[in-house]
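Peer 1: I would like to see how this sequence folds:
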Amino acid sequence: MKRSKRYRKLADASAKSVEAVPLEKAVEVLKGYNTTKFDQTVEIAMRLGIDPKQADQIVRGSVVLPHGIGRTQRVVVFAKGDLAEAAKAAGADEVGQEDLAKKIKDGWTDFDACIAAPDMMGLVGPLGKVLGPRGLMPSPRAGTVTPDVAKVVKEYKAGKVEFRNDSGGIVHAVVGKMSFDADKLAENVQAFINFVQNLKPNSVKGHYVKGISLSGTMSPSVRVVA
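Peer 2: Residues are numbered from 1 along each chain as shown. Sure, this is the predicted structure:
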């Protein structure tokens, strides 16, 4: 991939300081990379000492960050009756049943979160081939299969992020925007780290969190003391 002159200059500066630094310093360094005209999204990557091939070592979940993620998430809901009305009142972007399932089956995935009432899973299940690879499949463990769809819609609208480790044992998530005040961005990052640390599988031995880094959409990463 060809990098811009701006990126290469930042990468050179980053390479001179490869040591992991405390969170507050990492945020300061990262914000110093904010030289673009648009507001970059900030992401965290946590490398975990897990075996992704073991079902009992999968790390996944969702957490509401204290200061949101800097944008309104698009949320769709599978529900009917009173639950459907409650989801609409809570701010869901689209609520439906068979019609929504067909739309998604035909390839529409222009949303950030998919929530389903438990009695809708018979309808949602076959959509796994479309939603699964995009990380959008409703799951009880992630809290997106729930009888309280309105509550979960509000949480996602408030800045809830969902995550799951990849095949390399790394968890990725959006934690805010470059324009956030440094202290608010740090609080978001710390809240995410704490949440993931509390999800340590009982079967994991040795170091659980092996590495943490922060990066912007168009910036080099900064290592954080784990």
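
Peer 1: quick one, phi/psi of the residue nearest to residue 161 when sequence neighbours are not counted?
Peer 2: Taking CB to CB, 6 or more residues apart in numbering, and ignoring the residues beside it in sequence, residue 161 has residue 173 as its nearest neighbour in space, at 4.9 Å. Every C-beta, even on glycine, is put in place using the N, C-alpha and C of the backbone. Per-residue torsions, residue 173: phi -160, psi 150 (degrees, to the nearest 10).

Peer 1: surely residue 152 meets residue 142?
Peer 2: No. If you go by CB atoms under 8 Å, residue 152 and residue 142 don't touch, sitting 9.7 Å apart.

Peer 1: which of the two has more neighbours?
Peer 2: With neighbours defined as other CB atoms under 10 Å, residue 152 and residue 142 compare such that residue 152 has more, 26 against 20.

Peer 1: contacts for the helix or strand harbouring residue 26?
Peer 2: Secondary structure assignment for residue 26, by DSSP states H and E: helix 23-32. Contacts of helix 23-32 from elsewhere in the structure, counted by CB atoms under 8 Å, 6 or more residues apart in numbering, are 17, 21, 42, 178, 182, 185-186, 189-190, 214-216, 219, 222-225.

Peer 1: so for that helix, mean pLDDT?
Peer 2: In this model, helix 23-32 has a mean pLDDT of 96.

Peer 1: ok, residue 208 - contacts?
Peer 2: 48, 49, 50, 197, 200.

Peer 1: let's see that with 6 Å instead.
Peer 2: 49, 200 (CB atoms under 6 Å, 6 or more residues apart in numbering).

Peer 1: distance of it relative to residue 167?
Peer 2: 18 Å (CB to CB, to the nearest Å).

Peer 1: repeat for residue 114
Peer 2: For residue 114, the distance to residue 167 - CB to CB - is 22 Å.

Peer 1: who has more neighbours, these two?
Peer 2: Taking neighbours as other CB under 10 Å, residue 114 and residue 167 compare with residue 114 leading, 27 against 7.

Peer 1: show the backbone phi and psi for that one.
Peer 2: According to degrees, to the nearest 10, residue 114 has phi -120, psi 120.

Peer 1: so what's it closest to, chain neighbours aside?
Peer 2: residue 136 (4.8 Å).

Peer 1: per-residue pLDDT, that neighbour?
Peer 2: At residue 136, pLDDT is 93.

Peer 1: and what about it, helix, strand or coil?
Peer 2: coil (DSSP: H, G, I helix; E, B strand; the rest coil).

Peer 1: quick check: it touching residue 116?
Peer 2: No. With contacts counted by CB atoms under 6 Å, residue 136 stays clear of residue 116, the gap being 10.9 Å.

Peer 1: out of these two, which sits in the more crowded spot?
Peer 2: residue 116 (25 against 20).

Peer 1: buried residues in the lengthiest helix in the chain?
Peer 2: Longest helix of the chain, by residue count under DSSP state H: helix 182-197. Burial within helix 182-197, assessed by neighbour count using 16 or more other CB atoms under 10 Å, is assigned to 184, 185, 186, 187, 188, 189, 190, 191, 192, 193, 195, 196.

Peer 1: apart from its chain neighbours, what residue comes closest to the second one?
Peer 2: If I follow you right, that is residue 185. residue 176 (4.9 Å).

Peer 1: for whichever strand or helix holds that neighbour, give the mean pLDDT please.
Peer 2: Residue 176 belongs to strand 170-177 when assigned by DSSP H and E. For strand 170-177, mean pLDDT is 96.
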